[in-house]
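K.L.:
When you get a sec, could you give me coordinates for this:
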Amino acid sequence: MGCGGVDTLGAWVAGALPGAARAAIANHAAACAPCHALIEGLLGTSGPAAGTAAVPADAAGCADALARTERGQARWPAASLLRSEGFAETLPPGTRVGRYAIDAVIGAGGMSVVYAALDRELHRRVAIKLLRPVRHRAARDELVLHEARTLAQLCHPNVVTVFDVGRHRGRVFVAMELIDGDTLRTWLARARRTSHDILTRLRDAGRGLAAAHAASVIHRDIKPDNILVGRDGRTRVIDFGLARPSAAGATSPRTIAGTPMYMAPEQLRGEPTARSDQWSFCATLYEALAGVHPFAGDAAMRTAAIAAGRLVHPAAGHRVPRWVRAIVARGLRAAPSARWPSMAAVVRALEREPIRSRDSLRNQRTMQ
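P.N.:
You can find the predicted model right below:
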């Protein structure tokens, strides 16, 4: 299929397309950089809406949008996202959402808008994720409420804390901790990081993801933009907006959601499991260390590379320790059964960092 434009990709994000069309778009976007960039913008978080460029209205604008995004000249708008799909404008400052007073937009994606807000009863700052109104939203809302309630019981230092859930004018909202920090992608771009520093951050994220799996929650959208490196020193897994309970029958087995470049082969077929999160985590870890995504090329080339376990060589100035590469390679195998038995097993493997490697990395940091 060809590029479908923001309307089609918006419907893909919102879950408003039939299974065959969703699979076709997922396969196309995996090989089409402009469409992938649009989906990243629709699914991922972005900065405040003020001064942002408009999302292109058709497929002809995809390439230009990608170029402007790569040059840092465009950021995805919060208020304009998927307006053609009937999504509402953002809430103005001072709006009351339950016991919370909205302050400002801090992020936006295809499913929700995130606001900084004040809890008027406890006098603390929180983040409010307000789901966008979409057609046929009842099933989605129930799943999000179920997941939020599950996460509220989790209480893990490496998972964003959920405080409250409710409805605002018929729309579901989730109140969670407001974290001062950067996404992993931004953190990596801010300064040169050693392999040891990166592994420390990703191990913590892996612990959080393993805890979510133990609570029967699959994230389904692990990527550098959904791992937050806090200025308090903690790393957290965030944005469970695409997560679904992993219990059998909790969701349609053919539902496709996520970010194509970080989706395991079975997830692209609409069959996600906890080991799909493991694949996404290992792709993120490899990219953080190597400076490039582990698999490149069009859809056919990527499929062949995944089947063969052929990882892209690290970019100039980057390195992936051999022992880490072995761990990641197993987590990126095409067949879920050939991967690690669990995220907890991946974390345990990463905790066995050789002493020789740690000494080498300390020397590397001293020389920089």
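K.L.:
what separates the closest residue to Ala329 other than its chain neighbours from Pro294, distance-wise?
P.N.:
Residue nearest to Ala329 in three dimensions, not counting chain neighbours: Gly309, with 5.8 Å by Cβ to Cβ, 6 or more residues apart in numbering. C-beta here means a position set from N, CA and C on the backbone, and glycine is covered the same way. The gap separating Gly309 from Pro294 is 10 Å, by Cβ to Cβ, to the nearest Å.
K.L.:
Ok, Thr273 next?
P.N.:
Distance of Thr273 to Pro294, given as Cβ to Cβ: 20 Å.
K.L.:
His213 now?
P.N.:
22 Å.
K.L.:
Please apply the same query to Ala274.
P.N.:
According to Cβ to Cβ, Ala274 stands 20 Å off from Pro294.
K.L.:
Those two - which one has more neighbours?
P.N.:
Between Ala274 and Pro294, Pro294 has the larger neighbour count (other Cβ atoms under 10 Å), namely 26 against 21.
K.L.:
pretty sure that one contacts Gly331?
P.N.:
No - using Cβ atoms under 8 Å, Pro294 is not in contact with Gly331, being 10.0 Å away.
K.L.:
Common neighbours of the two, please.
P.N.:
Counting by Cβ atoms under 8 Å, 6 or more residues apart in numbering, the contacts common to Pro294 and Gly331 are Cys282.
K.L.:
ranges for the helices of the protein?
P.N.:
For the chain, the helices defined by DSSP state H occupy 5-14, 19-31, 33-43, 62-70, 138-152, 184-190, 195-214, 265-268, 274-290, 299-308, 322-331, 343-351, 355-367.
K.L.:
Out of the ones you listed, name the one with the poorest average pLDDT.
P.N.:
Per-segment mean pLDDT for those reaches its minimum on helix 62-70, at a mean of 35.
K.L.:
Mind splitting this protein into its structural domains?
P.N.:
The record's domain parsing of the chain by automatic domain parsing lists 5-76, 96-177, 181-367.
K.L.:
ok, back up a step: next, the contact list for the residue nearest to Ala329, please.
P.N.:
Gly309 touches Ala329, Leu332, Arg333, Ala334, counting by Cβ under 8 Å, 6+ apart.
K.L.:
got TSV for those residues, with neighbour count and distance to Glu177 too?
P.N.:
Shown next, in TSV, are the contacts of Gly309 (neighbours: other Cβ atoms under 10 Å; distance: Cβ to Cβ, whole Å):
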residue	neighbour count	distance to Glu177
Ala329	17	35
Leu332	24	31
Arg333	20	35
Ala334	16	37
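K.L.:
Tell me how many other residues surround Ser342.
P.N.:
A count of nearby residues for Ser342, using other Cβ under 10 Å, gives 15.
K.L.:
State the distance from it to Asp277.
P.N.:
Separation of Ser342 from Asp277 (Cβ to Cβ): 10 Å.
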